[in-house]
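> Have a look at this prediction, sequence included:
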Amino acid sequence: MIANIGDFAAAAVHPSRVTPAESTLEHTHKFLNTLGVKPGLDFQAS
Amino acid sequence: MTENEQSGLGGKFGAKTSGSQINYGHPHSQELLQSASAVIRESETGRLLLKLLDLKRVPVHVIKGIGQSGFSPEAMTIYMQAPGSATTANPAFIINLIKGLNEAAQELAGFRTPDPRKDIMAYASFIHGRNLDSITEVCKVIKELTKTPHFTNLLDSLTELGLNGVYKAYIDGKPREVLYEQYASAYDAMRGRS
C-alpha cells in the first residue's frame, strides 16, 4: 500500500515537508450516501 | 462486453486479445473481486465504498502481476494486481481495494488530483492527505470487521505493510495529526530511512 505513495512526484516530497491536505472523508461519505438514492443527483465538494 | 468495457465487478479486462496483444488481464479477476468484496461488504463503511462498484461508477481492472495496485486519477480506474495463480483475494488485495475505492470516491466527490507540474508541494500535500484518508478508511473497515474471522489476517497484513502504528493511533482515537505522524513513520520504514 505504501508503495502507492511511490508516485514519483510525491516520493520526491517527504510527508514531513508538507502539511497534509484537510481530510476529505466526511465529504466523501456524503457523496457516497447520495449514490443510488436520487438518480442523476450530482454532488460537488465544497 | 469487450476488454475496453470493464465496469464494476462484471468486467473481464483483458479477457480477450487478438493478434500480438499480450493478455495482462487476470484469469480469475471476477473471483478475486468477488471474494474481496464479500469481505469488505461485511463492514458498514465497506458497503458504502462498494456502492462505486455496485453502481458501476468506477472500473476495476485486475492485472496479473506483483506490482503496485491503486487508483489512477488519469484513467479514473482502479488497477489491482495479483499473481496469475491467485483465485481468491488475500488480505493485502482486500486492503488495497479498500484504499483504491476510497481514492476513487474522493476523486468522484470532487477532490481532484492537482497537476504536479504546476505546484509540486501542493501536489504532495494532496497526495499525502489522500493517502492518510485512505489508510484511515482502511483502519475503519478493519475495525468494523473486528468480530469477523477476517480481522486477524487483515490486521497482520496491515502490520506487514508497516501501518500498525496508524491503526493503533486510529483505535486510540488520536487526532489526524498523530495519524499523519504514524503515516510518515511508515513511509520512512518502507523506504529504509528509519
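Alright, I've got the coordinates. Numbers count the residues shown, from 1 in each chain, chains lettered A, B, ... in the order given.

> And for the lowest-mean-pLDDT helix or strand in chain B, what's in contact with it?
The weakest-scoring helix or strand in chain B, judged by mean pLDDT, DSSP states H and E, is helix B:176-190 (a mean of 89). Under the contact criterion CB atoms under 8 Å, 6 or more residues apart in numbering or on different chains, helix B:176-190 has outside partners A:2-3, A:5, A:14-16, A:20, A:23, B:128, B:131-132, B:135-136, B:161-163, B:165-166, B:168-170, B:194. C-beta: built from backbone N, CA, C; applies to glycine.

> and B:Leu50, what does it touch?
Counting by CB under 8 Å, 6+ apart, B:Leu50 touches B:37, B:40-41, B:101.

> From these, list the buried ones, please.
B:37, B:40, B:101 (16 or more other CB atoms under 10 Å in any protein chain shown).

> pLDDT on the helix or strand harbouring the last one, on average?
Put plainly, it is B:Leu101. Assessed by DSSP states H and E, B:Leu101 sits inside helix B:91-108. The pLDDT scores in helix B:91-108 average 96.

> How about stretch B:152-171?
In this model, stretch B:152-171 has an average pLDDT of 95.

> do it and chain A meet?
Yes. Stretch B:152-171 lies within reach of chain A by CB under 8 Å from any CB of the partner chain, at B:161-163.

> can you pick the most crowded of the residues you listed?
Using other CB atoms under 10 Å in any protein chain shown as the neighbour criterion, B:Leu163 leads the residues of stretch B:152-171 next to chain A with 26 neighbours.

> which one is that residue nearest to, not counting chain neighbours?
Using CB to CB, 6 or more residues apart in numbering or on different chains and skipping residues adjacent in sequence, the residue nearest B:Leu163 is B:Ala186, 5.4 Å away.

> Can you pull out the low-pLDDT segments for chain A?
Applying pLDDT under 70 to chain A flags residues A:1-11, A:37-46.

> in the longest helix along chain B, what's buried?
Longest helix in chain B by number of residues (criterion: DSSP state H): helix B:120-144. Buried residues in helix B:120-144, counted by 16+ other CB under 10 Å: B:120, B:123-144.

> next one: stretch B:140-158
For stretch B:140-158, by 16+ other CB under 10 Å, it's B:140-145, B:150, B:154-155, B:157-158.

> can you point me to the longest helix in chain A?
Chain A, longest helix under DSSP H: helix A:25-34.

> For that helix, name the packing helices and strands.
Contact here means 3 or more CB pairs under 8 Å, 6 or more residues apart in numbering or on different chains; DSSP states H and E; on that basis helix A:25-34 packs against helix B:44-54, helix B:91-108, helix B:120-144.

> what about the longest one, near chain A?
Yes. Part of helix B:120-144 sits near chain A under the criterion CB under 8 Å from any CB, namely B:120-121, B:123-133, B:135-138.

> Moving C-terminal from that helix, which element do we reach first?
helix B:151-160.

> Identify the residues contacting that following helix?
With CB under 8 Å, 6+ apart as the test, helix B:151-160 has contacts from B:39, B:90-92, B:94-95, B:138-139, B:142, B:145, B:164, B:167.

> can we see that at 6 Å?
Residues external to helix B:151-160 that are found in contact with it (CB atoms under 6 Å, 6 or more residues apart in numbering or on different chains): B:91-92, B:95, B:142, B:145, B:167.
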